[in-house]
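Predicted model follows, preceded by the sequence.
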Amino acid sequence: MTVEVKICGITDEEAMEAAIEAGVDHVGLVFYPKSPRAVTPEQATELLSYLERPVSRVGLLVDPDDALLDAVVGGVRLDLLQLHGNESPERVEAIRLEYGVPVMKMIPLAGPDDLAAAEAYIGVADRLLFDARPPKTATLPGGNAVSFDWTLLTGRRWPLPWFLAGGLTPANVAEAIRVSGAKAVDVSSGVETAPGRKSPELIRAFIAAARGA
Ligand SMILES: O=C(O)c1ccccc1NCC(=O)[C@H](O)[C@H](O)COP(=O)(O)O
């Protein structure tokens with residue numbers, strides 16, 4: 001089974017090229033100004049110009065208002081919008097219809113009860129992304145290198161594609177795939193040497209580990 005890999009929060013040419021050469025499927029750009037991985041639409045367009053083959057271009061937003069969506073969707077050619085805040089099913093549907101770009105909704109998980117929230121996005125979102133619920137002390141709503149109990153997803157069937165995210169690393173991604181049954185994985189912190197500083201070496205190691213799973 002080939003597992004799809006998304007590298008999120010790319011901010012420089014070197015990381016983009018390493019991801020492409022290693023066979024990445026999705027590249028993620030963060031449009032959340034408070035993030036150490038934030039890029040502007042202009043920076044994103046420049047980074048995406050380094051793509052030497054077609055890959056899926058994902059824009060990450062957190063509870064975006066229409067002004068931000070206008071700037072991002074109007075300024076950058078994206079294939080998928082990752083909504084990583086508290087967007088309601090109604091808001092997800094409205095964004096999808098208004099902007100004409102497929103949408104992936106992040107579902108924060110800390111325990112079994114959190115899975116019920118995903119049901120409301122079936123038929124509304126194009127994909128789901130299961131991520132760890134941020135710790136109370138976290139300053140960011142994602143990208144915190146925190147994992148959740150992957151057995152929450154073991155044996156679950158979803159009628160739409162989904163990503164596993166949260167605290168994945170080259171060392172744990174194969175086990176995470178095995179336990180959760182994920183067919184797509186997403187990483188940011190686990191391929192960094194510091195918040196916002198991607199490591200080409202770790203990117204290569206992560207993709208190789210996910211592909212070998
Ligand atoms: O990366 C950020 O800075 C960020 C900011 C605000 C919301 C989400 C953010 N990141 C999410 C991701 O990069 C991934 O989709 C995913 O959650 C994996 O994060 P990590 O645990 O760092 O691998």
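Yep, it's here. Numbering: from 1, shown residues only.

residue contacts, residue 54?
Listed by CB atoms under 8 Å, 6 or more residues apart in numbering, residue 54 has no contact partners. The C-beta positions use only the backbone N, C-alpha and C, and glycine is treated the same way.

and it, which of the three is it?
With DSSP: H, G, I helix; E, B strand; the rest coil as the basis, residue 54 sits in coil.

separation between it and residue 163?
Remark: distance between residue 54 and residue 163 (CB to CB, to the nearest Å) = 19 Å.

now swap in residue 41 and tell me
24 Å.

Name the residue in those two with the higher neighbour count.
residue 163 (25 against 18; other CB atoms under 10 Å).

ok, and does stretch 160-178 reach over to the ligand?
Yes: Stretch 160-178 lies within reach of the ligand by CB under 6 Å from any ligand atom, at 165-168.

Max pairwise distance over those residues: which two?
Maximum pairwise distance among these (CB to CB): 8.4 Å, between 165 and 167.

Mutual contacts of the two, please.
Contacts common to residue 165 and residue 167, judged by CB under 8 Å, 6+ apart, are residue 132.

Looking at those two, which has the bigger crowd around it?
Neighbour count, other CB under 10 Å: between residue 165 and residue 167, residue 165 has more, with 30 against 17.

Got the phi and psi for residue 38?
For residue 38, the backbone dihedrals are phi -70, psi 140 (criterion: degrees, to the nearest 10).

tally of neighbours for it?
17.

does it have beta-bridge partners, and which?
residue 30 (DSSP bridges).

quick one: contacts for it?
With CB under 8 Å, 6+ apart, residue 38 has these contacts: 30-32.

okay, those in JSON lines with neighbour count, pLDDT and distance to the ligand next?
Shown next, in JSON lines, are the contacts of residue 38 (neighbours: other CB atoms under 10 Å; pLDDT from 0 to 100; distance: CB to the nearest ligand atom, whole Å):
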{"residue": "30", "neighbour count": "28", "pLDDT": "98", "distance to the ligand": "5"}
{"residue": "31", "neighbour count": "27", "pLDDT": "98", "distance to the ligand": "9"}
{"residue": "32", "neighbour count": "21", "pLDDT": "98", "distance to the ligand": "4"}
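
If anything else comes up later, I'll come back, but that's it for now.
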